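**Student:** Turn this into a model:
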Amino acid sequence: MIMAQDISLFIKNLQKANLSAECPHCRTEFSISKSVLFDGRSKFPDKAEQARLELEKELKDRIAELAERQKKAQTKSEKTAVAVGIGKIIEKILPAHKNFNMIPADCRFLAEPIDMIVFDGLSQNNIKQITFMDVKTGKATLQPNQKKIRDAINDHNVEWRSL
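**Tutor:** Coordinates of the predicted model:
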C-alpha cells in the first residue's frame, strides 16, 4: 500500500527534478517543478481548489449558455447538436465536480467509445472494482457500439492481455 509519506516524497522529488511535460490538450510544454503538485486523496491546495472552482463555474456558465441555445434551437438536429455539446463538456470535467462520488485519481478519461474507466481504489493501490462509465445527458441513449460494449461486459466477455 502506498503511504502518504511516500507520495509526499515523490512530489518533493518531482518538484526538485528538472523535468518538463506536455499538456495533452494544447501541446504546450511546461516545467513540472513550476506546477502545483499534490496528493489528490487529501484537501486540494488553495491554488488547485481555486482552479477546480473556476472549472466548476465555467461548467455552470457553459451549461447555462448551452441550455439557452437549446431553447432557441429550431430543429431536432440543432437540439441534438447542443445536447451532444453539453454532454461532451460534462463528461470531461465530471470527475472535478464536488458531487462526483468517485476519486478523480481513480478515473481515466477515454472519450470514445465510452467516456471513462474507473479503477475503484487505484489511488490507494487496492483496486476493488473496475467500472466502465459513459455520461449521458437529457434523453441521450447508448450508441449501438456502446451497447455492444455494455453487453460484452455484462456477458463477462472481457479479458486481460499483456503484450
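**Student:** My understanding was that residue 131 contacts residue 117; is that so?
**Tutor:** Yes: contact criterion Cβ atoms under 8 Å: residue 131 and residue 117 qualify, at 7.0 Å. For the C-beta atoms, the positions are set from N, CA and C on the backbone; glycine is no exception.
**Student:** and the helix or strand residue 9 falls within, what does it pack onto?
**Tutor:** Residue 9 belongs to helix 4-16 when elements are defined using DSSP states H and E. Contacting helix 4-16 under the criterion 3 or more Cβ pairs under 8 Å, 6 or more residues apart in numbering; DSSP states H and E is no other helix or strand.
**Student:** May I see the buried residues of that helix?
**Tutor:** residue 7 (16 or more other Cβ atoms under 10 Å).
**Student:** which helices and strands does the next helix or strand after that helix pack with?
**Tutor:** Next helix or strand after helix 4-16 toward the C-terminus (DSSP H and E): strand 20-22. On a contact count with 3+ Cβ pairs under 8 Å, 6+ apart, strand 20-22 meets strand 29-31.
**Student:** partner strands of the strand it packs on, parallel or antiparallel?
**Tutor:** strand 20-22 (antiparallel) (DSSP bridges).
**Student:** could you measure the closest residue to residue 21 other than its chain neighbours against residue 42, distance?
**Tutor:** Of all residues not flanking residue 21 in the chain, residue 32 sits nearest, at 5.5 Å (Cβ to Cβ, 6 or more residues apart in numbering). Distance, residue 32 to residue 42, by Cβ to Cβ, to the nearest Å: 20 Å.
**Student:** now do residue 60
**Tutor:** Shown here: residue 60 relative to residue 42, a distance of 25 Å by Cβ to Cβ.
**Student:** Toward the C-terminus, what is the element adjacent to the lengthiest helix in the chain?
**Tutor:** If you go by DSSP state H, the chain has its longest helix at helix 46-72. Proceeding N to C from helix 46-72, the next assigned helix or strand is helix 76-93, under DSSP H and E.
**Student:** so how far is that following helix from its chain's centroid?
**Tutor:** Averaging C-alpha positions (Cα atoms, centre = their mean, to the nearest Å) puts helix 76-93 16 Å from its chain's average.
**Student:** Taking helix 46-72 as reference, get the angle to that helix.
**Tutor:** Relative orientation of helix 76-93 versus helix 46-72 (axes from the mean of the first three to the mean of the last three Cα atoms, to 10 degrees): 170 degrees.
**Student:** Show me what the next helix or strand after helix 76-93 is packed up against.
**Tutor:** Moving toward the C-terminus from helix 76-93, the next helix or strand (DSSP H and E) is strand 107-109. Packing partners of strand 107-109 (3+ Cβ pairs under 8 Å, 6+ apart): strand 116-120.
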